[in-house]
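# sharing a model prediction with you, sequence too.
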2 protein chains.
Amino acid sequence: MRSEELPEIRHLHLFRDMAQANFEALMASSYAQSFPQGLEMARQGDPADFLHIVLEGSVELFAQWSGRECTMAVVRPVSTFILAACIRDAPYLMSARTLERARIILVPAADLRAMFRHDTEFAVSVINELAACYRSVVRSAKTLKLRNSRERVASYLLRQSILAGGVASYVLPVEKRLLASYLGMTPENLSRTLRMLEADGVKVDGARVIITDREKLTTLARPDRLIDGPDAVADATGSALPNIDFASGV
Amino acid sequence: MRSEELPEIRHLHLFRDMAQANFEALMASSYAQSFPQGLEMARQGDPADFLHIVLEGSVELFAQWSGRECTMAVVRPVSTFILAACIRDAPYLMSARTLERARIILVPAADLRAMFRHDTEFAVSVINELAACYRSVVRSAKTLKLRNSRERVASYLLRQSILAGGVASYVLPVEKRLLASYLGMTPENLSRTLRMLEADGVKVDGARVIITDREKLTTLARPDRLIDGPDAVADATGSALPNIDFASGV
DNA sequence: CTGATGGTTTGATATATATCAAACCATCGG
DNA sequence: CCGATGGTTTGATATATATCAAACCATCAG
């Protein structure tokens, strides 16, 4: 692991409050690894041996069943994923693959479990992290059950704009194919929906999103604090598909 | 609070491992309350002042958006709900209403937060509980995204049979209207789906479910350990709609 | 026993969404 | 520059699901 990386990791909410010596001990038993693009680094059902920390690149978390597959989240630096599985010493509920070349820190799950018994501040951090993750998936489930696909797309586009600082134009952080899967719809349906939304205050040209009438879009998307955030966590990192915190569990 | 109720609460995973004195302190600041049927005891968006423990009766957790509403979970004795909101000192993401007369213990959230800083065993229990809750919602999200409504119904019916001990016949624990909402479909669609499933090994007559051909039903439902469980937690209580643990967060 | 209530079922229909196929288009290695 | 690759869009169509309306049926208070 490179020395300049340690402060980045230390800065995460999860590791921010623990004793320095304990942080160092945890890092000493961890190691970095680089993965090429498109590599499946964890498969659902596998035992959770390591907490993963993304330092560079991006990772897709996805689920499979009966030959079907869907994107659950995209994790970007600097954040962690599959915390929950590590804690419960249980099989991963999702698979993970790199979307681009990625640099990952692997923290042995056993050391993690030992550590929060030993360092109360760390235990509190884990509690806060898990609670935030939980709430994030609940939001996600609410969006799936309460909004139709047009509303999901509209609220996603609006939310991304807000996350980017309220800008009127930005670039989609992921391929549309992947976005469609994340939003629970087919690429074709997303494509058509985007076209239809031109009448509602957003235009999407390639990967470029332009909000032409924010008020109109807001009327359609009906953003809700209890679904779309903001939530306290937000890790202040490069937010991707979901509010980053969403990803950390599995 | 009645003296015979304390052991029941103490028996929950969440409270099982903490020091006796600490448990007593927590209970001393808590109080019991009975709610009539159909009462909305918590509304989404409200500040999370209390952890709720269901001792008798049952509670529906539901979410609302834009005039629509859907059932997220049903909580039965003895288990807790809205842990995550309490921990983060954040607004509830779901509302709660009694499905029948219910007896609830209210544990002040502030005391809870103070306690896990003070009692490491309790902190570890909270960690485990939250991790289990997280995994449970992820399973739920997977079912919503990967299975169509017929598959959701089939796997639900099969899962309930297994939870009841592998019986061939059992009674639905909730109204069909509510079950439909939980499964993300309309009552009419559920009704028709149940009729169609008679060709696939289950018959539902009123609230009575009869599995006529388990193998056939299994072929259709394709139960998956990473969606349908079993999961370690399972609290061994009267499991309701979801694996109980699913409910505890919010 | 009886009427009122509210959940359930059924039928007819509309709408949302998926599927299939083909064209299109950007990207990238040679 | 070119052809191959893989994502995207478009059109035609099928399917799943929701909606609306009415009938049905269990439960319960009077």
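Looks like it came in fine.
# tell me which parts of chain A are close to DNA strand C?
Applying C-beta under 7 Å from any atom of the strand, we find that chain A lies next to DNA strand C at A:148-150, A:184-186, A:188-189, A:206. Heads up, the C-betas are built off the backbone N, CA and C, glycines and all.
# now pLDDT too, for those residues, in a markdown table please.
Converted to a markdown table, the residues of chain A next to DNA strand C look like this (pLDDT from 0 to 100):
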| residue | pLDDT |
| --- | --- |
| A:Asn148 | 98 |
| A:Ser149 | 98 |
| A:Arg150 | 98 |
| A:Gly184 | 98 |
| A:Met185 | 98 |
| A:Thr186 | 98 |
| A:Glu188 | 98 |
| A:Asn189 | 98 |
| A:Gly206 | 96 |
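# what's the ChimeraX line that selects buried ones from the residues you listed?
Buried members of those, defined by 16 or more other C-beta atoms under 10 Å in any protein chain shown, are picked up in ChimeraX with:
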select /A:149,150,184,185
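# out of the residues of chain A next to DNA strand C, who's near DNA strand D?
A:188, A:206.
# pick the one among the residues of chain A next to DNA strand C closest to DNA strand D.
Nearest to DNA strand D among those is A:Glu188, at 4.1 Å by C-beta to the nearest atom of the strand.
# any weak-confidence spans in chain A?
Applying pLDDT under 70 to chain A flags residues A:232-250.
# so which of the residues of chain A next to DNA strand C comes closest to B:Arg222?
Among the residues of chain A next to DNA strand C, A:Gly184 lies closest to B:Arg222 (C-beta to C-beta), at 19.4 Å.
# quick one: the closest one from A:Ile227, how far?
14 Å (C-beta to C-beta, to the nearest Å).
# what does A:Cys133 give?
On the measure of C-beta to C-beta, A:Cys133 and A:Ile227 end up 16 Å apart.
# what's the helix or strand for A:Tyr73?
Just so we're on the same page, residue A:73 is Ala rather than Tyr. strand A:68-75 (DSSP states H and E).
# does the very next helix or strand once past that strand reach chain B?
Using DSSP H and E, the helix or strand that follows strand A:68-75 in sequence is strand A:79-81. No - using C-beta under 8 Å from any C-beta of the partner chain, strand A:79-81 never reaches chain B; the gap is at least 11.8 Å.
# put the alpha carbons of the helix or strand following strand A:79-81 into PDB.
Using DSSP H and E, the helix or strand that directly follows strand A:79-81 along the chain is helix A:83-88. C-alpha atoms of helix A:83-88 as PDB (Å, rounded to 0.1, in the frame of the first residue of the first chain):
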ATOM      1  CA  LEU A  83     -19.200  -4.300   5.200                       C
ATOM      2  CA  ALA A  84     -22.300  -6.100   6.300                       C
ATOM      3  CA  ALA A  85     -21.300  -9.500   4.900                       C
ATOM      4  CA  CYS A  86     -17.900  -9.200   6.600                       C
ATOM      5  CA  ILE A  87     -19.500  -8.400   9.900                       C
ATOM      6  CA  ARG A  88     -21.900 -11.300   9.800                       C
END
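# for A:Ser169, phi and psi?
phi -140, psi 140 (degrees, to the nearest 10).
# what of A:Gln33?
phi -150, psi 140.
# residues contacting it?
Residues near A:Gln33 by C-beta atoms under 8 Å, 6 or more residues apart in numbering or on different chains: A:103-106.
# state the distance from A:Ala96 to A:Tyr31.
17 Å.
# tell me which of those two has more neighbours.
Taking neighbours as other C-beta atoms under 10 Å in any protein chain shown, A:Ala96 and A:Tyr31 compare with A:Ala96 leading, 28 against 13.
# ok, that one to chain B distance?
Between A:Ala96 and chain B the computed distance is 13 Å (C-beta to the nearest C-beta, to the nearest Å).
# what separation is there between that residue and DNA strand C?
According to C-beta to the nearest atom of the strand, to the nearest Å, A:Ala96 and DNA strand C sit 23 Å apart.
# so that residue, which of the three states?
Judged by DSSP: H, G, I helix; E, B strand; the rest coil, the three-state class of A:Ala96 is strand.
# once you drop chain neighbours, what's closest to it?
A:Ala42 (4.2 Å; C-beta to C-beta, 6 or more residues apart in numbering or on different chains).
# re earlier: tell me the one among the residues of chain A next to DNA strand C nearest to A:Asp49.
For the residues of chain A next to DNA strand C, the nearest to A:Asp49 is A:Gly184 (30.3 Å; C-beta to C-beta).
# now do the contacts for the residue nearest to A:Ala96.
A:52, A:82, A:92, A:94-96 are the contacts of A:Ala42 under C-beta under 8 Å, 6+ apart.
# dump these into CSV; add distance to B:Glu5 as well.
Formatted as CSV, the contacts of A:Ala42 follow (distance: C-beta to C-beta, whole Å):
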residue, distance to B:Glu5
A:His52, 42
A:Ile82, 37
A:Tyr92, 38
A:Met94, 39
A:Ser95, 43
A:Ala96, 44
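# buried members of these into ChimeraX, please.
Of the contacts of A:Ala42, the buried ones can be selected in ChimeraX as follows, counting by 16+ other C-beta under 10 Å:
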select /A:52,82,92,94,95,96
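# which one of the contacts of A:Ala42 sits closest to B:Val124?
A:Ile82 (18.9 Å).
# right, and the closest one touches A:His52 too?
Yes - judged on C-beta atoms under 8 Å, A:Ile82 makes contact with A:His52 at a distance of 5.8 Å.
# what residues are shared contacts of the two?
With C-beta under 8 Å, 6+ apart as the test, A:Ile82 and A:His52 both reach A:42, A:96.
# please report the distance of A:Arg16 from chain B.
Noted for A:Arg16: a distance of 16 Å to chain B, by C-beta to the nearest C-beta.
# residue contacts, that residue?
A:10, A:125.
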